[in-house]
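**Student:** Okay, sequence plus prediction incoming.
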There are 2 protein chains.
Amino acid sequence: MSHTLITYFKQISQLSESSEEALHALIYTQSIPKNQDLQHIGQTCKTLYFLKTGIARIYYFHDGNDVTEGFYEPFCLIARAESLFAGAPSKKAIQVLEDAEVWSISTQELIALYDDHRDIERLFTRLFERAYVQTIQRIENLQFHTAEERYRLLAHEQPEVLRRVPLKYIASFLGITQVSLSRIRAKKN
Amino acid sequence: MSHTLITYFKQISQLSESSEEALHALIYTQSIPKNQDLQHIGQTCKTLYFLKTGIARIYYFHDGNDVTEGFYEPFCLIARAESLFAGAPSKKAIQVLEDAEVWSISTQELIALYDDHRDIERLFTRLFERAYVQTIQRIENLQFHTAEERYRLLAHEQPEVLRRVPLKYIASFLGITQVSLSRIRAKKN
DNA sequence: GAACTAATTTAACATTTGATAACTAGTTAA
DNA sequence: TTAACTAGTTATCAAATGTTAAATTAGTTC
């Protein structure tokens, strides 16, 4: 009856036995091959994802250029919040960057549990709060750090991303071109 | 029994009569003079604010420089979410930029209502969801637009801010220096 | 109205970043 | 094997932005 993801959830917020079971029944596990989209551009976000293994990114196109909005490592909530909360199609896609094991949860089924399982509602409220706080911190980072500082911060906060993700995806995440990223890397290595 | 702020709330999410009354009892109204901090740096965020009139900003110091994180117009939820959700002191302050009428709500008292008034919990979850989505959109804006594009977007989205707020505050919000902002403004005016 | 003060603009120069293209190394396919 | 392709780097030049300082304008105080 124990599930790795639920064990993780319980570190975030308490869950009753019955909530644990109810939640367990919603978790769907898939294997996704490298480079495949978990969700395509244009789909409305109705599923929450968590990685068991692998790395994922959310990306979109700006003026024809592929832009990475964020990188996601195991156990991190992956969702296109702006689509989920508005119930509108997302212009962003979720892509797995390595062969990955993915846990997914239907938001519709999840929300149906909220009335009878307030601890589940609280848990997911907290998960989104955390995501929100990370987003706020990312703005601080983009607003007043140089490209080099942003690169070093990424190296510090998500070293695995730097090791495992193609640089072309990292450049757009940092808000710079790939050429500029190369220059920064050449400085101190 | 009608309150302008609650009328606004009811456009966001339904409220029962009793929830309306309970919420009404929590709303505290103050007059704050121009340039005064509503909340100081170092305080933990325990109060939510809404402006009745005036304009406010959230700011902090980065390397000794005053940085504006965001501008807030009437009826917009003002909170330092990163402090509120973590229960930790905020390094940011909330400042009123004009003489203002402010509504405030204690988060402690608010949360105490959640168990008996789920519609109130839903309302504030929605208000924070909206704030979250705006934050996501702000990242897109910072990540792949030029300073000039960001200026024009602000002019489009918050024209009142441009009219009423000193440019020194606007520059840091856009992630540029005041000198650079002056140059951009000189181009097309 | 004169004297201060703060806000904004302008100028000159340095630095960073973008755009484009050439080059290298590794991979895939015929 | 070569040829084609992709990712990453390097080089060159142009454009944008930062830094510093001075000039101008607007607002306040006496």
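**Tutor:** Arrived safely.
**Student:** pLDDT at A:Ile184, what is it?
**Tutor:** Confidence at A:Ile184, expressed as pLDDT, is 95.
**Student:** Pull the contacting residues for the most centrally placed residue in chain A.
**Tutor:** Closest residue to the average C-alpha location of chain A: A:Ile78 at 3.2 Å, with Cα atoms, centre = their mean. For A:Ile78, the contact set (Cβ atoms under 8 Å, 6 or more residues apart in numbering or on different chains) comprises A:38, A:48-51, A:56, A:58, A:72, A:94. The way it works is simple: take the backbone N, C-alpha and C, and place the C-beta from them, glycine included.
**Student:** Is DNA strand D within reach of the helix or strand hosting A:Ala186?
**Tutor:** For A:Ala186, the host element (DSSP states H and E) is helix A:178-188. Yes: Helix A:178-188 reaches DNA strand D (Cβ under 7 Å from any atom of the strand) through A:178-179, A:181-183, A:185-186.
**Student:** beta partners of the residue nearest to the centre of chain A?
**Tutor:** Here A:Ile78 sits in beta bridges with A:Tyr49, going by DSSP bridges.
**Student:** And the helix holding A:Ala186, what does it pack against?
**Tutor:** helix A:147-157, helix A:167-174 (3 or more Cβ pairs under 8 Å, 6 or more residues apart in numbering or on different chains; DSSP states H and E).
**Student:** and after the longest one, which helix or strand comes next?
**Tutor:** Pointing back at helix A:147-157 there. helix A:159-164.
**Student:** outside of that next one, which residues touch it?
**Tutor:** Outside helix A:159-164, the residues touching it (Cβ under 8 Å, 6+ apart) are A:55, A:71, A:73, A:97-98, A:154-155, A:170.
**Student:** farthest pair in the residues you listed?
**Tutor:** Largest separation among the contacts of helix A:159-164 by Cβ to Cβ: A:Glu98 and A:Ala155, giving 19.1 Å.
**Student:** the longest helix in chain A is where?
**Tutor:** Longest helix in chain A by number of residues (criterion: DSSP state H): helix A:118-144.
**Student:** Now do the buried residues in that one.
**Tutor:** Buried residues in helix A:118-144, defined by neighbour count with 16 or more other Cβ atoms under 10 Å in any protein chain shown: A:118-125, A:127-129, A:131-133, A:135-136, A:138-144.
**Student:** and the residues you listed near chain B, which?
**Tutor:** Restricting the buried residues of helix A:118-144 to those touching chain B (Cβ under 8 Å from any Cβ of the partner chain) yields A:125, A:128-129, A:131-133, A:135-136, A:138-140, A:142-144.
**Student:** Show me what from chain A comes close to DNA strand C.
**Tutor:** A:146-148, A:175-177, A:179-180, A:183-184.
**Student:** Going through the residues you listed, which ones are buried?
**Tutor:** Members of these classed as buried by 16+ other Cβ under 10 Å are A:147-148, A:175-176, A:184.
**Student:** ok, so of the residues you listed, who is nearest B:Ser13?
**Tutor:** So of those, ranked by how close each gets to B:Ser13 (Cβ to Cβ), first place is A:Gly175, at 35.0 Å.
**Student:** Against DNA strand D, how distant is the nearest residue to the closest one once chain neighbours are set aside?
**Tutor:** Among residues not flanking A:Gly175 along the chain, B:Gln143 sits closest, at 4.5 Å (Cβ to Cβ, 6 or more residues apart in numbering or on different chains). Between B:Gln143 and DNA strand D the computed distance is 13 Å (Cβ to the nearest atom of the strand, to the nearest Å).
**Student:** and B:Gln143, what does it touch?
**Tutor:** Neighbour list for B:Gln143: A:67, A:69, A:142, A:172, A:175 [criterion: Cβ under 8 Å, 6+ apart].
**Student:** do that again at 7 Å, thanks
**Tutor:** Residues in contact with B:Gln143 (Cβ atoms under 7 Å, 6 or more residues apart in numbering or on different chains) are A:67, A:142, A:175.
**Student:** and those as a markdown table, adding pLDDT?
**Tutor:** Formatted as a markdown table, those follow (pLDDT from 0 to 100):
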| residue | pLDDT |
| --- | --- |
| A:Val67 | 95 |
| A:Leu142 | 92 |
| A:Gly175 | 95 |
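**Student:** Go through the contacts of A:Ile78 and say which is closest to DNA strand C.
**Tutor:** DNA strand C lies nearest to A:Ile58 out of the contacts of A:Ile78, by Cβ to the nearest atom of the strand, at 20.0 Å.
**Student:** is it true that that closest one touches A:Val96?
**Tutor:** No: using Cβ atoms under 7 Å, A:Ile58 is not in contact with A:Val96, being 11.2 Å away.
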